[in-house]
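J.: could you look at this predicted model? Sequence included:
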Amino acid sequence: MRAVVQRVLRSSVTVAGAVHSEIGKGLSVLLGITHKDTDDDVEWIVRKLLSLKLWPNEGGKEWAANVTNVDKTGVELLVVSQFTLYAKISKGTKPDFHYAMAGDRAKEMYETVLTKLRKEYKPEAVKDCVFGAMMEVAIVNDGPVTIVLDSHQRDPVVESKGDQSAAVAAAGAGAEDAASSK
């Protein structure tokens, strides 16, 4: 499961010219579901969405408050299903969406994410989209702050062991060259 999470001042979803859902301060979440996703991925993404520290706390300390404790009134979440997050473009320029979960199963999993968010937070603060519809999504990013979550790559900035070894070796060689040139 993949989510592009944006801290927003406001966000909305419009379908066929009518606003379907809108939020004020909170998170706008573009959610992609892949054919490999399970209940474990749902649990992980829900836990992350509710616990990401993306706001300052009441004392002004940056990156210290999450959805559940950012302020007394709380914030809202707008979760928009977006299968295009699993586009593969390794050959040519036409996107291949075979990694996205099929429609009926994806809709069920999307609804499960919404249900769990509503159960663990505030039901009235979790807004949805019209699954499968063409939508206009308006996002006024606050910061800007944008975080990408992927339940199949839970720490995307960690390098592989081989990459770390090569980086350390390269750094060491550079230091030795600099020392020998003095």
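T.: Structure received.

J.: what sits up against the helix or strand harbouring residue 105?
T.: For residue 105, the host element (DSSP states H and E) is helix 103-120. Contact with helix 103-120 is made by 1, 31, 33, 37, 39, 42-43, 45-46, 49-50, 77, 79, 81, 83, 100-101, 126, 128, 131-132, as judged by C-beta atoms under 8 Å, 6 or more residues apart in numbering. C-beta coordinates here come from the backbone N, C-alpha and C atoms, glycine included.

J.: let's see that with 7 Å instead.
T.: Applying C-beta atoms under 7 Å, 6 or more residues apart in numbering, the external contacts of helix 103-120 come out as 31, 33, 37, 42, 45-46, 49-50, 77, 79, 81, 83, 100-101, 126, 128, 131-132.

J.: could you tell me which of those count as buried?
T.: Burial by neighbour count, judged by 16 or more other C-beta atoms under 10 Å, picks out 31, 33, 37, 42, 45-46, 49-50, 77, 79, 81, 83, 100-101, 126, 128, 131 from those.

J.: in strands, which of those residues fall?
T.: Residues from the buried ones among the contacts of helix 103-120 lying in strands, with DSSP state E as the criterion: 31, 77, 79, 81, 126.

J.: pretty sure the last one is touching residue 77, no?
T.: Pointing back at residue 126 there. Yes: counting by C-beta atoms under 7 Å, residue 77 is a contact partner of residue 126 at 5.1 Å.

J.: okay, buried residues for the helix holding residue 105 please.
T.: Buried residues in helix 103-120 (16+ other C-beta under 10 Å): 106, 109, 110, 112, 113, 114, 116, 117.

J.: same question for stretch 77-97.
T.: By neighbour count on 16+ other C-beta under 10 Å, the buried set for stretch 77-97 is 77, 78, 79, 80, 81, 82, 83, 85, 86.

J.: where does the chain have its least confident helix or strand?
T.: None of the helices or strands of the chain scores lower by mean pLDDT, DSSP states H and E than helix 161-180, at a mean of 45.
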